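Trainee: task: produce atomic coordinates for the following.
(2 chains)
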Amino acid sequence: MAATTVRARGTSRFPYLLVLPAVLLFAGFVAAPGGYALVLSFQRRKVNGGLLGGGTHTVFAGLANYRDVLGDSALWSGVVRMLALGAITVPGTVLLALLFAVLLDLEGARLRRPARLARLTIFLPYAVPGVIASLMWGFLYLPATSPIGGDHVDFFGRVAVYFSVGNVVVWGAVGFNMIVIHTALRALPPELHESARLDGASEWQIVLRIKVPLVMPAVVMCTLFSVLAALQVFNEPNTLKPLSNALSSTWVPLMDIYDEAFGNSDIHSAAATSVVLAAAALAVSFATARLVQSRIPQEAE
Amino acid sequence: MSATDRTRRAGGRRAAVALLAAGLLLGTAACGGGSSGDGARNGATGGAKGKVTLTFWDWDPHMDKVVAKWNAGHPGIQVRLSNPAGGDQLVAKMITAHEAKNGPDIAKVEYQSLPALVSKGVVRDITRYTKDTVADFDRATLGSTTFEGKVYGVPQDVAPLMFFYRADLFQRYGLTVPTTWDQFAATAAAVRAKAPASYLTNFDAADPGWFTGLAQQAGANWWSADGDSWKVDIDGAPTRKVAAYWQDQVGRGAVAKNPSFSPQWNKQMNDGTLLAWISGAWAPAQLGGIAPATKGKWAVAPLPAWTAGDTTTGIWGGSATTVTSDSHHPAEAAQFASWLNTDDAAVTEQVKQINVYPAATGGRSLPILQAAPAFFPNEPDFYAKVKQVAPSARSFPMWGPDVTVTFTGYSDSFGKALQSGGSFTDALTGMQSAAVADLKKLGFTVG
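Mentor: Here you go, the predicted model:
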């Protein structure tokens, strides 16, 4: 009896030790900067006076920065543009990834060399940094350098620009998502489609009725990742910005924050905007996670 | 902005982007406050035995060779050069380094950023160290670094706005070099008629520097001081005139409307789609990278005038060497800044290595300026032509302390106007209200 108690106490301390590195890293690199940003967001910088200001001091600003954030029409236009872009990139990424994964998993394609090559080719763009990808696509889009008809089509047109930016995002993300779904497909027991085939199901029916429903959890996870990426989109539009007149410095919210912090050296406004957006992003991803989790069991059954 | 290091700056931004991509939303703002680690190599350590080491932040290519000259001649005051970023990025770095009290001793600052740095207390009043130095500059040049009678930097270079054109193509199409803006419009139309795929030039909504220069030429005073309060006049009559003129050119399709310094523009400049460039006197140093196939084909002329015979022009770029308020050796730092920009050997080396057009009056008569710039071998009297227009180049009475907001406002609102056919004068109104709102937010008095 006594021995059990001692052992229980011994083990009870051990888990804390195991989570310690994670907790420390979280505290140091997420909680602490987050808290600092929160503090900054309640402050404001004022000049000391005179024509040239004569140096600055920090004052407590209360909720003034947050009032400015909520009244910043450029930011909210950026949010709308981000959502529009997300409406292209999230379904684009997930559906293409699902399509490629299913195609590579078809009876005729499985494990054949062309399929492996195709899988690698689709995955490869994921290894290209977003900034580089954007530069490459930028060259492909610009009329003077475009080999894909940029002199006939305006890739930076008012509507086209969403698809041009979205295309770079999807191009980079689809490979990773495809691998996730493909792995889930490969993990399905082969008896399932064998028996379906014996029952006379066509390849198409197997895909729609057996495979896709069974890999739904993986598809859901991919959707969640894509939503998070869509909320944080920055690299692609920011890199494409100098190439045309289509993208402003506040095109998406993160570009707005970047410009406030590093262009305008107004760290306090940037902090307030970040806090608001982080809260919104947290709410959105939480809601998405809840929504999809509540549906998975039913789908899987 | 001095385009001298546009590429560098783009590189810096790319690095920053990569860094940023790694962070989360919250991290974005938080790291701005603490990302001043680069200032670690700060030169504030004087060391014992009277030997002083100064740190110098500068993004000029080949500046190391100029600094080496100083170090060889001044064993007691050694300057250590470092290049953490260029242009606006360096301004942001200087501000964060000042917060962390580990800034450099000396830094290169573009004229338009200087008042902002003074207002934040980052650069130091060096009036008492530069009593002799100031005699080497004319009043207009000195005005860019002197506010309320105090000197905050030693001018390095000036860049009057000029008209650069492809002499070969002008000859081929039988064009004459425009001397007024009316003629410029006629030339632009003639180019479209004679070579439908070509344009005289492009209206650049991405870089505010050239448009600011055009506004200066037209007589605009975007910022001026009235006692302790600021007067902001970005959407006044002179600037509206410039905006309306270019809106008309764009509307007629007489000029291209894609941004400069993009791959698209480089190609157009290289293959002769664009015949001219309204640019600063630093253009020959830049064109080699922009349009390598056009060596020896460019010529320079004064900027077209609003009324025939008027020689007034604006300014695009130019920088000063400043001493920071964190420096523990301001006297030595100011001594270096003065040497760098007024000593004949130093200025000659700068012309040779960096292609600057010297700000110092004496520097403009140096023998090195009698040679043609490397990319303009056909223009042996290039610097003579610059010297001719330099005295009539006017800037604003003073740059405001919120230039970055105004400049971002320019690219955003003019870009939008070009993209969706909006009005250029409305764009100016937007810039005006943004500039005033920002000044007020910072606590400045706006009259």
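
Trainee: now the residue nearest in space to the middle of chain B, what's its secondary structure?
Mentor: Centroid-nearest residue in chain B: B:Gly317, 1.9 Å away (criterion: C-alpha atoms, centre = their mean). State at B:Gly317, reduced to three classes by DSSP: H, G, I helix; E, B strand; the rest coil: coil.

Trainee: does it really touch B:Leu161, like I thought?
Mentor: No: here B:Gly317 does not reach B:Leu161: they are 9.4 Å apart, not a contact under C-beta atoms under 8 Å. For every residue, glycine as well, the C-beta is placed using N, CA and C.

Trainee: tell me the spacing between A:Val220 and B:Thr348.
Mentor: From A:Val220 over to B:Thr348 the distance is 69 Å, taken as C-beta to C-beta, to the nearest Å.

Trainee: if we can go back for a sec, identify the contacts common to B:Gly317 and B:Leu161.
Mentor: Both B:Gly317 and B:Leu161 are contacted by B:Gly280, under the criterion C-beta atoms under 8 Å, 6 or more residues apart in numbering or on different chains.

Trainee: wait, does stretch A:15-32 make contact with chain B?
Mentor: Yes: looking at stretch A:15-32 against chain B by C-beta under 8 Å from any C-beta of the partner chain, the contacts come from A:Phe29, A:Val30.

Trainee: show the average pLDDT along that stretch.
Mentor: In this model, stretch A:15-32 has a mean pLDDT of 94.

Trainee: export it to PDB, keeping only CA atoms.
Mentor: Extracted as PDB, the C-alpha positions of stretch A:15-32 are listed here (Å, rounded to 0.1, in the frame of the first residue of the first chain):
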ATOM      1  CA  PRO A  15       5.000  14.300 -16.200                       C
ATOM      2  CA  TYR A  16       5.700  17.900 -15.100                       C
ATOM      3  CA  LEU A  17       9.300  17.400 -16.000                       C
ATOM      4  CA  LEU A  18       8.300  16.000 -19.400                       C
ATOM      5  CA  VAL A  19       6.200  19.000 -20.300                       C
ATOM      6  CA  LEU A  20       8.600  21.500 -18.800                       C
ATOM      7  CA  PRO A  21      10.600  22.200 -22.100                       C
ATOM      8  CA  ALA A  22       7.300  22.800 -24.000                       C
ATOM      9  CA  VAL A  23       6.000  25.000 -21.200                       C
ATOM     10  CA  LEU A  24       9.200  27.000 -21.100                       C
ATOM     11  CA  LEU A  25       9.400  27.500 -24.800                       C
ATOM     12  CA  PHE A  26       5.700  28.500 -24.900                       C
ATOM     13  CA  ALA A  27       6.300  30.900 -22.000                       C
ATOM     14  CA  GLY A  28       9.400  32.400 -23.600                       C
ATOM     15  CA  PHE A  29       8.300  32.600 -27.200                       C
ATOM     16  CA  VAL A  30       4.500  32.900 -27.200                       C
ATOM     17  CA  ALA A  31       3.200  34.000 -23.800                       C
ATOM     18  CA  ALA A  32       6.000  36.600 -23.000                       C
END
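
Trainee: for A:Gly62, helix, strand, or coil?
Mentor: coil.

Trainee: number of nearby residues for the nearest residue to B:Gly443 once chain neighbours are set aside?
Mentor: Excluding the flanking residues, the one nearest B:Gly443 by C-beta to C-beta, 6 or more residues apart in numbering or on different chains is A:Lys46, at 4.0 Å. A:Lys46 has 16 neighbours, counted by other C-beta atoms under 10 Å in any protein chain shown.

Trainee: A:Ala27 too?
Mentor: Quick note: A:Ala27 (other C-beta under 10 Å) scores 11 neighbours.

Trainee: what count of nearby residues applies to B:Gly121?
Mentor: For B:Gly121, the neighbour count with other C-beta under 10 Å is 20.

Trainee: right, and it touches A:Gly55 too?
Mentor: Yes: with contact defined as C-beta under 8 Å, B:Gly121 counts as touching A:Gly55 (3.3 Å).

Trainee: am I right that B:Ala301 is in a helix?
Mentor: No: B:Ala301 sits outside any helix when classified using three-state DSSP, being strand.

Trainee: does it touch B:Thr176 like I think?
Mentor: No: using C-beta under 8 Å, B:Ala301 makes no contact with B:Thr176, being 10.4 Å away.

Trainee: which of those two has more neighbours?
Mentor: Neighbour count, other C-beta under 10 Å: between B:Ala301 and B:Thr176, B:Ala301 has more, with 16 against 10.

Trainee: got the contact list for the more buried one?
Mentor: Contacts of B:Ala301 by C-beta under 8 Å, 6+ apart are B:Met162, B:Phe163, B:Tyr165, B:Val177, B:Thr179, B:Lys385.

Trainee: one more pass at 7 Å, please.
Mentor: With contacts defined as C-beta atoms under 7 Å, 6 or more residues apart in numbering or on different chains, the neighbours of B:Ala301 are B:Met162, B:Phe163, B:Tyr165, B:Val177.

Trainee: what sits opposite it in the beta ladder?
Mentor: Using DSSP bridges, the bridge partners assigned to B:Ala301 are B:Phe163.

Trainee: count of neighbours near A:Phe14?
Mentor: For A:Phe14, using other C-beta under 10 Å, the count is 8.

Trainee: secondary structure element for it, which one?
Mentor: Applying DSSP states H and E as the criterion places A:Phe14 in helix A:2-26.

Trainee: likewise B:Asp426?
Mentor: helix B:424-442.

Trainee: same thing with A:Phe176?
Mentor: Counting by DSSP H and E, A:Phe176 is found in helix A:160-186.

Trainee: packing partners for that helix?
Mentor: Where contact means 3 or more C-beta pairs under 7 Å, 6 or more residues apart in numbering or on different chains; DSSP states H and E, helix A:160-186 is packed against helix A:73-105, helix A:113-123, helix A:130-141, helix A:216-231, helix A:235-240.

Trainee: for the most centrally placed residue in chain A, which residues are in contact?
Mentor: Here the mean C-alpha position of chain A is nearest to the C-alpha of A:Ala229 (C-alpha atoms, centre = their mean), at a distance of 0.8 Å. Each residue near A:Ala229 by C-beta under 7 Å, 6+ apart is listed here: A:Ala173.

Trainee: which pLDDT value goes with residue 69?
Mentor: Since you didn't name a chain, this refers to chain A. 94.

Trainee: looking at chain B here, not the other one
Mentor: pLDDT, B:Lys69: 94.

Trainee: do B:Leu20 as well
Mentor: 38.

Trainee: cool, B:Val351 as well?
Mentor: So, for B:Val351, pLDDT stands at 89.

Trainee: pretty sure it contacts B:Pro367?
Mentor: No: counting by C-beta atoms under 7 Å, B:Val351 stays clear of B:Pro367, with 10.0 Å between them.

Trainee: and the two? Which one has more around it.
Mentor: Neighbour count, other C-beta under 10 Å: between B:Val351 and B:Pro367, B:Val351 has more, with 22 against 9.

Trainee: which residues sit in contact with that one?
Mentor: Counting by C-beta under 7 Å, 6+ apart, B:Val351 has contacts B:Pro358, B:Leu366, B:Ile368, B:Leu369.

Trainee: pick out whichever of these sits closest to chain A.
Mentor: For the contacts of B:Val351, the closest approach to chain A (C-beta to the nearest C-beta) belongs to B:Pro358, at 27.0 Å.

Trainee: what about that closest one, neighbour count?
Mentor: Neighbour tally, B:Pro358, other C-beta under 10 Å: 29.

Trainee: run a quick neighbour tally on the residue nearest to it when sequence neighbours are not counted.
Mentor: Distances taken as C-beta to C-beta, 6+ apart place B:Val347 nearest to B:Pro358, at 5.0 Å, with adjacent residues excluded. Neighbour count of B:Val347, defined by other C-beta under 10 Å: 27.

Trainee: show me chain A divided up by domain.
Mentor: When chain A is parsed with automatic domain parsing, its domains come out as A:2-60, A:73-300.

Trainee: CSV for those domains, including distance to B:Gln112?
Mentor: Output for the domains of chain A, formatted as CSV (distance: least, C-beta to C-beta, whole Å):
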stretch, distance to B:Gln112
domain A:2-60, 15
domain A:73-300, 14
